[in-house]
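Engineer: sequence? don't have it. structure:
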């Protein structure tokens with residue numbers, strides 16, 4: 001008697017597993033749709049278009065560079081914490097500027113990509129160990145020596 005009552009009232013392990021898989025799949029689909037149609041995070045979406053429960057493996061410096069969220073005049077200016085978005089050299093102080101053009105970060109420069117290859121350029125940097133090391137060193141310099149590379153806020 002207990003066998004049949006248990007069978008009728010408790011879902012089987014197979015049913016529970018199937019439901020969990022279906023819920024996970026539905027959650028990932030909703031997350032993917034939100035990621036594809038969102039208004040924020042577009043620079044990251046370009047590099048990582050598919051959502052996943054597995055981390056991308058980027059460290060703090062790489063995340064700051066990819067998102068542009070960090071000690072960059074272009075980022076800080078967005079929040080009206082600076083009157084301009086210029087680097088000390090006079091050009092717009094965004095991640096690409098520091099990685100390819102700024103005279104203060106010359107030791108860590110990467111070759112400037114063409115506009116059409118910028119996304120592939122960034123993907124290549126993030127998948128190459130030596131380039132990632134150089135990028136981390138660049139970002140550490142920018143964070144540590146920010147007063148040298150950011151123009152006075154006058």
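Structural biologist: Perfect, thanks for sending it. Here the structure is a predicted model, which is why all the values come from computation and not from measurement.
Engineer: show me where pLDDT drops low in the chain?
Structural biologist: Within the chain, the stretches with pLDDT under 70 are 1-15, 151-154.
Engineer: what ranges do the helices span in it?
Structural biologist: 2-9, 13-37, 42-47, 60-67, 73-78, 95-100, 118-127, 129-144, 146-149 (DSSP state H).
Engineer: so can I have a markdown table of the ones you listed showing mean neighbour count and distance to residue 109?
Structural biologist: Any C-beta I mention is one placed from the backbone N, CA and C, and that applies to glycine too. As requested, these are arranged in a markdown table below (neighbours: other CB atoms under 10 Å; distance: least, CB to CB, whole Å):
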| stretch | mean neighbour count | distance to residue 109 |
| --- | --- | --- |
| helix 2-9 | 8 | 68 |
| helix 13-37 | 11 | 32 |
| helix 42-47 | 14 | 20 |
| helix 60-67 | 18 | 14 |
| helix 73-78 | 19 | 18 |
| helix 95-100 | 21 | 6 |
| helix 118-127 | 15 | 12 |
| helix 129-144 | 16 | 8 |
| helix 146-149 | 14 | 13 |
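Engineer: just so I know, which of those lies nearest residue 85?
Structural biologist: helix 73-78 (3.9 Å; CB to CB).
Engineer: residue contacts, residue 146?
Structural biologist: By CB atoms under 8 Å, 6 or more residues apart in numbering, the contact list for residue 146 reads residue 71.
Engineer: No further questions, thank you.
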